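>>> Sequence below, structure please.
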Amino acid sequence: MAGPAALLVSIGHQAGALRTLQAAAAPHPPRSPPQPSHTKTSGTGGSGPVWGSPGEETEVHEPGGDREPEEERKAAGKSRKEGEESGDPSPPSPGGPRPERLVRRGTLREMALRGKMSRLVEATSRLVQVEETLLLPLLQQHPLPLHPKDSIEFRNICSHMALQREGQQFERDLHEAHQCLKTIIEKLICSLAVFPSDSYIPVRSALRQILQNLLAV
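The predicted model follows:
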């Protein structure tokens, strides 16, 4: 059996994990936009027309010299127009799904991760609050079996996850953090079952609500 001191130790580790989670859940700082490149407008490398110097021979294009490219452009435009009028869809790009589908999948995945992180932060914050305001007074009357090692492991997982920020390892750490916090809450609920009076009922109800919100999809 453990008293208030053991619970305070657990709360301390959970509060440390909460601060780490809040920092990891903060949005990334925006990247500075790329600076536009400066182009020359004069000289041999300029984008504008280059005029010949006096006395310098310049090449003169005879009229009709660009007739063939112009006819090719007209023919290409005509073929595209006929394809649009016939309603023929553009051929699918080889090599896999289109870019917009990849972006959509990435966006949905990021939204799911943000939602999971948000639930983890909220559940941790609520758990610390319930332990401080409801569970701690009960332990002063009757000691309960506690497991501070779970809170230490939870803090360590959150610290490792904060170093990743993204990627597969981040997702694995996030999953492990969810499972660890779930275990902490479930063990507290089981410990309250041995309490001699009904005063534990509000605490167990609050813990079950936290667990339900944590596991919500």
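
>>> Which secondary structure element of this structure has the lowest mean pLDDT?
Of all helical and strand segments in the chain, the minimum by mean pLDDT, DSSP states H and E falls on helix 67-86, at a mean of 52.

>>> Now for Leu135: which residues touch it?
Taking CB atoms under 8 Å, 6 or more residues apart in numbering, we find Leu135 in contact with 7, 188, 203. C-beta: built from backbone N, CA, C; applies to glycine.

>>> Just confirm the last one is within a helix.
By that I understand Val203. Yes. Secondary structure of Val203 (DSSP: H, G, I helix; E, B strand; the rest coil): part of a helix.

>>> Tell me how far it lies from Thr133.
Noted for Val203: a distance of 9 Å to Thr133, by CB to CB, to the nearest Å.

>>> And these two? Which one has more around it.
Val203 (20 against 11; other CB atoms under 10 Å).

>>> Grab the nearest non-local neighbour of the more buried one.
Leu134 (4.6 Å; CB to CB, 6 or more residues apart in numbering).

>>> Give me the pLDDT value at that neighbour.
At Leu134, the model reports a pLDDT of 93.

>>> ok, it - how many residues close by?
Leu134 has 17 neighbours, counted by other CB under 10 Å.

>>> For it, give me its contacts.
Counting by CB under 8 Å, 6+ apart, Leu134 touches 202-203, 206.

>>> I'd like the average pLDDT over stretch 189-198.
For stretch 189-198, the per-residue pLDDT averages 85.

>>> first to last residue in it, what's the distance?
Distance between the two ends of stretch 189-198: 13 Å, counting by CA to CA, to the nearest Å.
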